[in-house]
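Novice: 3D model of this:
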Amino acid sequence: MIEGERLVFIGGLHRSGTTPLADALAQHPDISGLSGTGAPHDEGQHLQPVYPRAKVYAGSGHFAHAPEAHLTESSPLVTPGNAARILAAWQPYWDLDRRLLLEKSPPNLIMGRFLQALYPGSALIMVVRHPVVVALCNKKWRRLVSRNIRRYSTLDGLVAHWVQAHRLLLEDTPHLQRLHLVRYEDLVERPEEELARIQAHLGLSTPFPTGTIRPSHSERYAQQWEAMRSGLTPGAFQRRLITRRHAADIAAYGYDVDDLGVRGDWPQAPASSPAVGS
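Specialist: Model (predicted):
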């Protein structure tokens, strides 16, 4: 059985930067990511036979609204047998000679308590990106990959899903050990600094290779958002709706609904919580 201390789980909503971060971490000589799986983005959720994948709950932009998707230590799925079954599905795609074994799936964002109950001592890295940018990215992406009406989302709905998912993460934080939060915006602006923090969080003696994180392309979404500021178009209506419904929630997480470049502090974890980050 693989010890929990060897496992690293990355979570974050779709289009939040989990894939580039996982790819960067997997280039470290002490870390093996899942590779050659044939699954979308080599995500472990698609390989294991124990818990439902995000698409069972209508996928990106929807899954955090399903109470069943928010798995914790109280889930009946938390058994030694299930822990072994999940690892058996992942092991063929890891280099087991590496010290740390990495798995990345977006729903890990709201499954940290469940994963750490299965694998005590495992590390969690959660990636957060501006909710408006995530919504705009997902809206464009989902039009390309699905015509399923069940998976249709408005921009307002995608932002509401972001708020729900990160509310669950914040509520879970007091129950999580070895949790590290990274903002995508900081990662792409100061990659060496942010990767150094992750290096310390994981207890690695050598740094991550340089040049593993590409620059952000968020500017195009900022321009798109600005173009939606006024007018009678559906996009302008969605912007006004998001501002009215979610501006306060967005601000509570350190972001600004008008200026997508603003980054304030992440909400303070409860006093009983382990420290977030390193």
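Novice: what residue ranges in this protein score low on pLDDT?
Specialist: Where the chain drops to pLDDT under 70, the residues are 140-152, 269-278.
Novice: repeat that for 90
Specialist: Residues of the chain meeting the criterion pLDDT under 90: 1, 60, 138-153, 210, 212, 214-219, 229-235, 268-278.
Novice: ranges for the strands of this structure?
Specialist: Using DSSP state E, the strands found in the chain span residues 7-11, 31-33, 100-104, 123-128, 179-183.
Novice: Please name every helix or strand in contact with the fourth one.
Specialist: When contacts are defined as 3 or more CB pairs under 8 Å, 6 or more residues apart in numbering; DSSP states H and E, strand 123-128 sits against strand 7-11, helix 18-25, helix 112-118, strand 179-183, helix 184-189, helix 191-202. All C-beta atoms are positioned from the backbone trio N, CA, C, and that covers glycine.
Novice: What sits closest to Ser218 if chain neighbours are left out?
Specialist: Spatial nearest neighbour of Ser218, excluding adjacent residues (CB to CB, 6 or more residues apart in numbering): Val133 at 5.3 Å.
Novice: For burial, what's the neighbour tally of the one you found?
Specialist: Burial of Val133 is recorded as 24 neighbouring residues (other CB atoms under 10 Å).
Novice: ok, back up a step: nearest to Val159, out of the strands of the chain?
Specialist: Val159 sits nearest to strand 123-128 of all the strands of the chain, at 13.8 Å, using CB to CB.
Novice: Who does that closest one pair with, and is each partner parallel or antiparallel?
Specialist: Partners of strand 123-128 in the sheet, by DSSP bridges, are strand 7-11 (parallel), strand 179-183 (parallel).
Novice: any chance of those in CSV, plus mean neighbour count and distance to Gln48?
Specialist: Formatted as CSV, these follow (neighbours: other CB atoms under 10 Å; distance: least, CB to CB, whole Å):
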stretch, mean neighbour count, distance to Gln48
strand 7-11, 24, 12
strand 179-183, 21, 22
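Novice: could you redo these as CSV and give each row distance to Ala88?
Specialist: Converted to CSV, the strands paired with strand 123-128 look like this (distance: least, CB to CB, whole Å):
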stretch, distance to Ala88
strand 7-11, 14
strand 179-183, 26
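Novice: count of neighbours near the residue nearest to Gly235 when sequence neighbours are not counted?
Specialist: Setting aside the residues directly before and after it, Gly235 is nearest to Met228 in space (CB to CB, 6+ apart), at 4.1 Å. Residues near Met228, counting by other CB under 10 Å, number 20.
Novice: Is Met228 in contact with Gln238, as I believe?
Specialist: Yes: Met228 lies in contact with Gln238 (CB atoms under 8 Å); the separation is 7.0 Å.
Novice: Quick check: neighbours shared by the two?
Specialist: The contact sets of Met228 and Gln238 do not overlap (CB atoms under 8 Å, 6 or more residues apart in numbering).
Novice: how many other residues sit next to the residue nearest to Glu192 when sequence neighbours are not counted?
Specialist: Nearest residue to Glu192, sequence neighbours excluded (CB to CB, 6+ apart): Thr210, at 6.6 Å. A count of nearby residues for Thr210, using other CB under 10 Å, gives 9.
Novice: what's the answer for Arg85, then?
Specialist: Counted by other CB under 10 Å, the residues lying close to Arg85 total 13.
Novice: Please list all residues in contact with Val134.
Specialist: Contacts for Val134 (CB under 8 Å, 6+ apart) come out as Leu13, His14, Arg15, Ser16, Leu158, Trp162.
Novice: Around the closest residue to Glu193 other than its chain neighbours, how many other residues sit close by?
Specialist: In this structure, Glu193 finds its nearest non-sequential neighbour in Asp186, 7.8 Å apart by CB to CB, 6+ apart. For Asp186, the tally of surrounding residues (other CB under 10 Å) stands at 14.
Novice: repeat for Pro40
Specialist: Other residues near Pro40 come to 13 when the count uses other CB under 10 Å.
Novice: try the one 3 residues further on
Specialist: Other residues within reach of Glu43, judged by other CB under 10 Å, total 23.
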